[in-house]
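Asks: this one's structure only:
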């Protein structure tokens, strides 16, 4: 939301495990404003005070900072600036009283996002938004055992520019179209280890890629009680240099050869159409049903290991070996309002198929390994479920309750004897309550 344009206001709260604070006010009274909010959990500090002997030096906390500033240039033009940064820190210490060699583990990960948007109302029927966005993700993990230690880091940085247009032709027809471009900088991993005073370090070369897309969609009332939204997005992805790859034979042994790519030199490219279609049919008594189909292409992959003993999730680009992930999803839902819109209830089911999914092999060596693609395996996946939702919109007490029964599976010929197994982020039951 936007900050108060007339006066400075502050708020905050202190809880058992976290605190928050917020400040907002005008930059130029009546024309621009700011709002800044921050929070931090301190369950780690509370636990150490309450149960120092049991907790020891173990702990977890997260903190984040949100900021937004807006500036009204005139009645048709406006600028918005948004900023977010968040950090999670987990630590575990096993004090060994027998041999004196402590075991420690520490993982720190976080996101930083900054964006600037120009919103323009060109006429009564047409408007546009032009945005520039910076996004950075980092993961750092470290394990020590006595004088031995292992360290791993990875990350992804994106620079994005997008332009979206909306044209409301009349009361029953609306058009949307736009362009998007993203420059990706992948940091696939830097690893290090030490044994006593001897250190070993290795760094995998950064990888780069262009991603672009154009889309158009229409929102049209075909009949008084039938609405259709149809759209087509065409996406393009190109992995480029500068980077280098060490070559390995079929059993993973380095050949001694290095394949180098100059800045801007193309390594692999892909492009796919991504259609989407939905229908909403209004029934009697404030009820409606909805059907939808979507096809998407995913050029960035989160490579995971189902048998992780060390946080090593990596964002990797589509390449000559790694194909883009393709998903098809169908969904159907029933929606109903009660008591003149005071209550809303909905039931929605979905089914999604996924191709070109990837994981690391069991026992994959992520540290000090320049042949990470040689440690990957490829398979398919699917996700399906039912979502139940009840919301109270009016009255002294408002809020909602939602429940999802779902299943997310992966199938890899090399894992679980080729049988489907739950994805590591599968959540069969998910219950949410807000009041």
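Replies: All right, it came through fine. Since we're looking at a predicted model, the values are computed, not measured. Numbers count the residues shown, from 1 in each chain.

Asks: where does the stretch 251-400 of the chain have low pLDDT?
Replies: 251-253, 304-313, 366-369 (pLDDT under 70).

Asks: Let me see the ranges of the strands in it.
Replies: In chain order, the stretch 251-400 of the chain shows strands spanning 254-261, 266-282, 287-298, 300-303, 314-317, 325-338, 343-360, 376-392, 399-411, with DSSP state E, counting those that start in this stretch as the criterion.

Asks: among the ones you listed, which is the most enclosed?
Replies: Using mean count of other CB atoms under 10 Å, the stretch among those with the largest mean neighbour count is strand 314-317, at a mean of 21. Every residue, glycine included, has its C-beta placed from N, CA and C.

Asks: what helices or strands is it leaning on?
Replies: Packing partners of strand 314-317 (3 or more CB pairs under 8 Å, 6 or more residues apart in numbering; DSSP states H and E): strand 148-170, strand 173-195, strand 207-223, strand 300-303.

Asks: Spell out which strands sit alongside the next helix or strand after the third one in the sheet and which way each one runs.
Replies: Per DSSP states H and E, strand 207-223 leads on to strand 226-240 as the next helix or strand towards the C-terminus. Each strand that pairs with strand 226-240, with its direction, by DSSP bridges: strand 207-223 (antiparallel), strand 266-282 (antiparallel).

Asks: And the contacts of the last one?
Replies: This means strand 266-282. 217, 225-241, 243, 261, 288-297, 299, 318-320, 323-324, 326 (CB atoms under 8 Å, 6 or more residues apart in numbering).

Asks: next one: stretch 123-131
Replies: 115-122, 160-169.

Asks: Out of these, which end up buried?
Replies: Members of those that pass the buried threshold by neighbour count (16 or more other CB atoms under 10 Å) are listed as 115, 117, 119, 160, 162, 164-165, 167.

Asks: Nearest to residue 332 among these?
Replies: residue 164 (28.2 Å; CB to CB).

Asks: Can you give me the pLDDT of that closest one?
Replies: Note for residue 164: predicted pLDDT of 97.

Asks: my guess is it meets residue 214, correct?
Replies: No. In this structure, residue 164 is not within contact of residue 214 by CB atoms under 8 Å, at 11.2 Å.

Asks: Quick check: buried residues in stretch 20-28?
Replies: In stretch 20-28, counting by 16+ other CB under 10 Å, buried: 22-26.

Asks: State the mean pLDDT of that stretch.
Replies: 93.

Asks: Residues touching that stretch, excluding its own?
Replies: For stretch 20-28, the external contacting residues (CB under 8 Å, 6+ apart) are 3-13, 32-39, 69, 71.

Asks: In ChimeraX, how would I select just the buried ones from those residues?
Replies: Once 16+ other CB under 10 Å is used to decide burial, the buried members of the contacts of stretch 20-28 can be selected in ChimeraX as follows:
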select :3,5,32,33,34,35,36,37,38,39,69
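
Asks: Among the contacts of stretch 20-28, name the ones in strands.
Replies: Counting by DSSP state E, the part of those found in strands is 9-13, 32-39, 69, 71.

Asks: Wait, a strand at residue 44?
Replies: No. According to DSSP: H, G, I helix; E, B strand; the rest coil, the state of residue 44 is helix, so it is not within a strand.

Asks: Which residues are in contact with the residue nearest to it when sequence neighbours are not counted?
Replies: In space, not counting the residues next to it along the chain, residue 44 is nearest to residue 59; the distance is 3.1 Å by CB to CB, 6 or more residues apart in numbering. Contacts for residue 59 (CB under 8 Å, 6+ apart) come out as 43-45, 47-48, 89-91.

Asks: do the same with residue 351
Replies: Contact partners of residue 351, counting by CB under 8 Å, 6+ apart, are 329-331, 382-384.

Asks: closest to residue 151 among those?
Replies: Taking CB to CB as the measure, residue 151 sits nearest to residue 383 out of the contacts of residue 351, at 34.2 Å.

Asks: For that closest one, give the beta-bridge partners.
Replies: For residue 383, the beta-bridge partners under DSSP bridges are residue 352, residue 408.

Asks: Do I have it right that it meets residue 357?
Replies: No. Shown here, residue 383 and residue 357 do not form a contact pair, counting by CB under 8 Å, at 11.0 Å.

Asks: Is there a neighbour count for the closest residue to residue 207 other than its chain neighbours? I'd like the number.
Replies: If the residues on either side of it in the chain are set aside, residue 207 comes closest to residue 186, at 4.2 Å by CB to CB, 6+ apart. Neighbour count of residue 186, defined by other CB atoms under 10 Å: 23.

Asks: if we can go back for a sec, need the buried ones from the contacts of residue 59 selected in ChimeraX.
Replies: What follows is the ChimeraX syntax selecting those of the contacts of residue 59 that are buried according to 16+ other CB under 10 Å:
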select :44,47,48,89,90,91
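
Asks: got the contacts of residue 59 as a markdown table, with distance to residue 155 and pLDDT columns?
Replies: Written out in a markdown table, the entries for the contacts of residue 59 read as follows (distance: CB to CB, whole Å; pLDDT from 0 to 100):
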| residue | distance to residue 155 | pLDDT |
| --- | --- | --- |
| 43 | 27 | 76 |
| 44 | 24 | 74 |
| 45 | 28 | 74 |
| 47 | 30 | 70 |
| 48 | 30 | 69 |
| 89 | 16 | 88 |
| 90 | 17 | 86 |
| 91 | 20 | 83 |
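
Asks: between the contacts of residue 59, which is closest to residue 427?
Replies: For residue 427, the closest of the contacts of residue 59 turns out to be residue 90, at 19.9 Å, with distances computed as CB to CB.

Asks: Kindly confirm my reading that the closest one is in a strand.
Replies: Yes. The assignment for residue 90, made by three-state DSSP, places it in a strand.

Asks: about what we covered before: nearest to residue 411 among the ones in strands among the contacts of stretch 20-28?
Replies: Taking CB to CB as the measure, residue 411 lies nearest residue 39 of the ones in strands among the contacts of stretch 20-28, at 39.9 Å.

Asks: List phi and psi for residue 414.
Replies: With angles defined as degrees, to the nearest 10, residue 414 shows backbone torsions of phi -90, psi -10.

Asks: thought it was touching residue 377?
Replies: Yes. Distance between residue 414 and residue 377: 4.9 Å, which falls inside the contact criterion (CB under 8 Å).

Asks: Pull up the overlap in contacts between the two.
Replies: In the contact map built from CB under 8 Å, 6+ apart, the residues linked to both residue 414 and residue 377 are residue 361.

Asks: need the helices for the stretch 1-150 of the chain, in chain order.
Replies: 43-50, 52-55 (DSSP state H, counting those that start in this stretch).

Asks: ok, what's across the strand from the residue lying closest to residue 226 once chain neighbours are set aside?
Replies: Spatially, and ignoring its direct neighbours in sequence, residue 226 is nearest to residue 281 (5.4 Å; CB to CB, 6+ apart). Under the criterion DSSP bridges, residue 281 forms beta bridges with residue 226, residue 289.
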